[in-house]
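> I would like to see how this sequence folds:
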Amino acid sequence: MYAHAAAPRAGARGVHHIVADRVREYPDACAVREPGGTELTYRQLWWRAGRLAAALAAHGVRAGEPVAVDLARGADLVVALLGIARAGAAYVPLDAQAPAGRVATILADARVRTLVADGNDTARAGRTAAVDGLRRLSVPAGEGEGEAGAEAGEAAVPDSAVTDDSPLYVGYTSGSTGAPKGVVVPHRAVRRLVTGATFCTIAPGDRVGQAANPAFDATTFEVWGALTAGATLVVLPTVVDLALDRWAALLRDEGITTLFLTTSLFHLVARSSPGALASLRTLVVGGEQLEPAAVRAVLAAGAPGRLVNGYGPTETTVFATFFDCTDASLAGRDRIPIGRAIQQTRLAVLDEALRPVPPGQPGELCIGGPGVALGYLGRPERTARSFVPEPGTAGLMYRTGDLVRQLPDGELELIGRADRQVKLRGFRVELEEIERAAVATGRTEAAFVVKVGEGPAARLAGAFLASGPPAGADEQIAALTAELAASLPAYMLPGRWTPLESLPLHSTGKADRRSIEALIAADAESAGTGPVPAGEGAAGTEPADVLRGIWAELLGVRVIGPADDFLSLGGTSLLAAQAASRIRELLAVDLEPYDVLLAAGIDELAERVAESAPSLP
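All right, here's what the predicted structure looks like:
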């Protein structure tokens, strides 16, 4: 076991109390900015959050009670998070892409009675319309309120004294039991993340970009990292919302100093415009294995002041380790380590009996310190399996399930998983959850799901025990997919299903998973959905030929019909951004990611490209 030198421990204060210190110090400094939209000073943010806290108290919200938040990135989201913290409650951020069934499951699991949402957002409101007994509150407007009125309103704000272990938020992740599980993160864990940080320094006057999905725990780093430091949180469109060149210009124009990007987005930027990040002082990347070639491309094209590979599961509050990427630190490496412990964090590499393994030997990474969450909401048995006593302390350590080894220089290298959890485009996916959900539809008695391919073209594929003759397989697949789409987010939906007339079995009578997974991979390959090497299939100079080559490379699809559209072939918003970038590179035609996503088929998109570039042969 080894640890980073512990930073001085703060007292038992809530994260919002640290923000209160910044309000007193910098009342008129900009706290939140939406370019071209709302701006809030620290004083205005505090007052609006106080009004929400008072409204929550008036509606009977108790200390520690989960309160759901269904808001897009923006000033209202920040007001909501701070207001819920000031009320002493715990926020539960909802994913905008999650279907109504999954949202209902989360609300029921967390026993949510109150939802903070935008009443004018009909698309989001429709997801919770059928949930009985849910109180809906809007974020209080700030217009027309003078200083005297705001000060008077502060008197109605509850006194939310908190302890170290008071919950600040509940973040939901994929669960192997067939339902998402809520990770309860206390104030002390977030305080540890933002106090004396070794992986990223944020100071008053800095400008922190906010581009993460509110349901993704990177939002914790963005929002509380900025507000506890007296910095400005600048709400940014993501790379997939805006053409890459305009997004890079926005970073420069807004003077963004600090930014977090998922690994997938970083790889997109590194490939398409590696110099776009040079204006940043600190860039933190995390979520998946970082490609050395992408990092070297960014370092060569104009590196940010500091480029950090960050690692950490939700259960240990965003980050647990970091590795500074420089030309010198990458020398001689073919894999980028996850590095060493961040502040106030203890790491151990252990065997199955939780005994330390020698340096260089693989073992499970276990993480201790104040960043460890309280456990899984309402799941004491699962909590006891994953959160175990940490030797030599009174606390718990989290068993990550990640296999690592300690390198000769002391850095940790991630080498795999001890279970069937996978990472897909930055999301943590428990394959067993998808399999259980498929069986729960009643349309099959057994289902198997695997991750196919790597990099941008990685996707999920599955097999299921068919309930009828082979001739009806297409109808069974369509029905199964439709029912899964009602309960699982899009990133958890297999792009291809293989029907099985019977299950291959071991001599013990158990299903032969290895044989089934080989069948899934072979079916994906024969159907033209296997990995495609970069550049393969891009023969020809006609727009349709070039587009087919781009789609083949990004989607791992070898056979593309004229009416096949990007989404039906497994495309995502991130892949659409990559496709738009490649189209600009190869055909000199500017398209937005949504142009790629909304085209009815590849031939329709080719016609649009040809019209925009009439000089093409």
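> so where's the longest helix in the chain?
Taking DSSP state H as the criterion, the chain has its longest helix at helix 42-58.
> same for that one, what does it pack against?
Using 3 or more Cβ pairs under 8 Å, 6 or more residues apart in numbering; DSSP states H and E as the contact test, the elements touching helix 42-58 are helix 15-25, strand 30-33, helix 75-86, strand 135-137, helix 147-153. For glycine as for every other residue, the C-beta is placed from the backbone atoms N, C-alpha and C.
> most packed of these?
Ranked by mean neighbour count, the helices and strands packed on helix 42-58 are led by helix 75-86 with a mean of 27 (mean count of other Cβ atoms under 10 Å).
> which one is S487 nearest to, not counting chain neighbours?
Leaving out its chain neighbours, the residue that sits closest to S487 by Cβ to Cβ, 6 or more residues apart in numbering is G101, at 4.0 Å.
> look up how far G171 lies from that neighbour.
G101 sits 19 Å away from G171 when distances are taken as Cβ to Cβ, to the nearest Å.
> more neighbours, those two?
Per other Cβ atoms under 10 Å, whichever of G101 and G171 has more neighbours is G171, with 24 against 17.
> ok so, going back, mean confidence for the longest helix of the chain?
For helix 42-58, mean pLDDT is 96.
> re earlier: so which of the helices and strands packed on helix 42-58 is nearest V308?
When those are compared by Cβ to Cβ, helix 15-25 sits nearest V308, at 22.1 Å.
> picking up where we left off before, ok, residues contacting the longest helix of the chain?
Helix 42-58 has contacts (Cβ atoms under 8 Å, 6 or more residues apart in numbering) with 16, 19-20, 22-23, 26-29, 31-32, 40, 67, 75, 78-80, 82-87, 89, 114, 116, 137, 139-140, 142, 145, 150, 153-154, 156-158, 160, 227, 230.
> name the SS class of S515, please.
Following DSSP: H, G, I helix; E, B strand; the rest coil, we place S515 in the helix state.
> and the residue nearest to S487, what element?
helix 100-109 (DSSP states H and E).
> from what I see, V450 and G462 are in contact.
Yes. When contacts are counted by Cβ atoms under 8 Å, V450 is listed as touching G462 (7.3 Å).
> which ones are touching the residue nearest to A320 when sequence neighbours are not counted?
Leaving aside its chain neighbours, A320 sits nearest to G312 (3.8 Å; criterion: Cβ to Cβ, 6+ apart). When contacts are counted by Cβ under 8 Å, 6+ apart, G312 is found next to 286, 318-321, 342, 367, 371.
> what residue ranges in the stretch 501-617 of the chain score low on pLDDT?
Flagging of the stretch 501-617 of the chain using pLDDT under 70 yields the residue ranges 507-508, 526-541, 557-559, 563, 568, 613-617.
> what about the helices in it?
Along the stretch 501-617 of the chain, the segments classed as helices by DSSP state H, counting those that start in this stretch run 513-526, 543-555, 573-587, 593-598, 602-612.
> so how far is the fourth one off the chain centroid?
Relative to the centre of its chain, helix 593-598 is centred 22 Å away, using Cα atoms, centre = their mean, to the nearest Å.
> wait, L484 sits on T441?
Yes. With contact defined as Cβ under 8 Å, L484 reaches T441; the gap is 6.9 Å.
> who has more neighbours, the two?
Neighbour comparison, L484 and T441: the larger count goes to L484, with 23 against 17 (by other Cβ under 10 Å).
> then stretch 352-359 to PDB, C-alphas only?
Extracted as PDB, the C-alpha positions of stretch 352-359 are listed here (Å, rounded to 0.1, in the frame of the first residue of the first chain):
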ATOM      1  CA  GLU A 352      -8.400 -12.000  -4.200                       C
ATOM      2  CA  ALA A 353      -7.800 -12.500  -0.500                       C
ATOM      3  CA  LEU A 354      -7.100  -8.700  -0.200                       C
ATOM      4  CA  ARG A 355      -3.400  -9.300   0.500                       C
ATOM      5  CA  PRO A 356      -0.800  -6.900  -1.100                       C
ATOM      6  CA  VAL A 357       0.800  -8.200  -4.300                       C
ATOM      7  CA  PRO A 358       4.500  -7.500  -5.100                       C
ATOM      8  CA  PRO A 359       5.300  -4.500  -7.500                       C
END
